[in-house]
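1. Attaching a predicted model along with its sequence, questions to come.
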Amino acid sequence: MAACGDSQAGDTTTAGGTSSTGGSGSTTASPSSTTAPSDSSTAAVDSTGGVGTSSSEGGSTGGGPTDAGCGECLVLADGLTGGRGIAVDGTHVYFSDQSAGTLARVAKGGGDIEMLATGLEAPYDVVVDGAWVYWTGFVDDGVVARMPIAGGASEVLDDTTDRPRALAVDDTHVYWTTFGSGSGGVWRAPLAGGSSQNLLSAYAGIADIVLDGTRFYVTSHDPEPGNGGVTFIEPPPPDDSVGALVSVPLAGDPDGMQMQILATGLAQPWGLATVGDSFVWAHGDGAAANNPNTIMSLATVGGEASVLASGQMAPWGVAADASSVYWTDSTEVKSAPHRGGAPVVLATQQNEARSIAVDDASLYWITKNRVLQRPKS
């Protein structure tokens, strides 16, 4: 999405310029002249008073619908009202419906949809590890929570930050970004329990996050005070607004002393992924000099960022494998060799394509109303 105005209840996507690996997260990511339907919603609180409960109720994708814009696609879930986050493990696809306030999973290749949690407040990003599925609640005083991947009681890891958005997890911590006026930043909490830690602060807009063994990397609409960042994310951004790709030690850098700005002068950077020795990310709207509505690449060793694909409609979610970069672009899903080459359109007629994920054989993404799977090529 080229621009993202964050309302109080949810993330309102405006056509013009989703981890994720979809919204994005590290284990998985808006149109310019027209306005897409709003995704703002606040789901009712679960009747138990908790974060959400597991349920075996759901649909089945056996004999499910076809997709007019993707003949190779399998529709894994249909009838969503505000599909947002997606993540995959070896057997299942996990996804959130921000408007409906639900978290669910379905087997790769199709099957019964398992409703893992209901009554959530604007569930946004989703990531999984070997035992848990994690999600963020994208509201003021939102939650970062998890539950066993096969269902069970949920656990709140943090409920102290406003508008938690993108997620990542490693062996010891869960990391998340916050995205809103005056509340942008990166936080983490220990998986074993304990207090949350602020790792990086900004005025607004930390859109996506990925990890390696020593540092985390974020796409930021506000890399540091005084560096040209906008004070709130609204379409269109000012011509002098500056986004950045930022690197920070895993232990954090709230005072900005060890932060490295790897690329600046970016047009609303959204989804982020790493592949081999490169970073790849999506640009939304911005000044012409900042390469708006493009897919960008930067070598991890540094240098100048380069354009992998220009002239996009609304690039947002990004994923990558050893050979290619995949992204959602409003009504389309596309790929290109990450070393450079002509983009290939993999799906059309998508209803606000958002987060995206990839495994060895297939590509998975979520739209406003569907979860889809197709072969990578």
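-> Received the coordinates, thanks. Numbering: from 1, shown residues only.
2. From now on I want contacts and neighbour counts done on CA atoms only, so please keep to that.
-> Will do.
3. what residue ranges in the stretch 251-377 of the chain score low on pLDDT?
-> 254-256 (pLDDT under 70).
4. Which parts of the stretch 151-300 of the chain are strands?
-> 155-158, 164-169, 173-178, 185-190, 197-201, 206-211, 215-220, 243-249, 260-266, 269-275, 278-283, 295-299 (DSSP state E, counting those that start in this stretch).
5. The shortest one - what's its average pLDDT?
-> Read that as strand 155-158. Mean per-residue pLDDT for strand 155-158: 97.
6. Now that strand: buried residues?
-> Within strand 155-158, the residues scored as buried using 16 or more other Cα atoms under 10 Å are Glu155, Val156, Leu157, Asp158.
7. Quick check: bridge partners of the nearest residue to the second one once chain neighbours are set aside?
-> Spatial nearest neighbour of Val156, chain neighbours left out: Ala145 (4.3 Å); criterion: Cα to Cα, 6 or more residues apart in numbering. According to DSSP bridges, Trp135, Val156 are recorded as the beta-bridge partners of Ala145.
8. Tell me the pLDDT of Ala145.
-> The model's pLDDT for Ala145 equals 98.
9. And Ser183, by the same measure?
-> 73.
10. So it is in contact with Ala204, correct?
-> Yes: with contact defined as Cα atoms under 8 Å, Ser183 reaches Ala204; the gap is 5.9 Å.
11. Please say which of those two ends up with more neighbours.
-> Shown here are Ser183 and Ala204; by other Cα atoms under 10 Å, Ala204 has more neighbours (24 against 21).
12. How many residues are close by the closest residue to the more buried one other than its chain neighbours?
-> Using Cα to Cα, 6+ apart and skipping the chain neighbours, the partner closest in space to Ala204 is Gly184 (4.1 Å). Using other Cα under 10 Å, Gly184 has 29 neighbouring residues.
13. who's in contact with Gly184?
-> Counting by Cα atoms under 8 Å, 6 or more residues apart in numbering, Gly184 touches Thr177, Thr178, Ser201, Ala202, Tyr203, Ala204, Gly205, Ile206.
14. can you tell me how far it sits from Pro269?
-> 14 Å (Cα to Cα, to the nearest Å).
15. Could you do Ser306 as well?
-> Ser306 is 14 Å from Pro269, by Cα to Cα.
16. quick one, which of these two is more surrounded?
-> Under the neighbour definition other Cα under 10 Å, Ser306 and Pro269 were set side by side, and Pro269 has more, 37 against 15.
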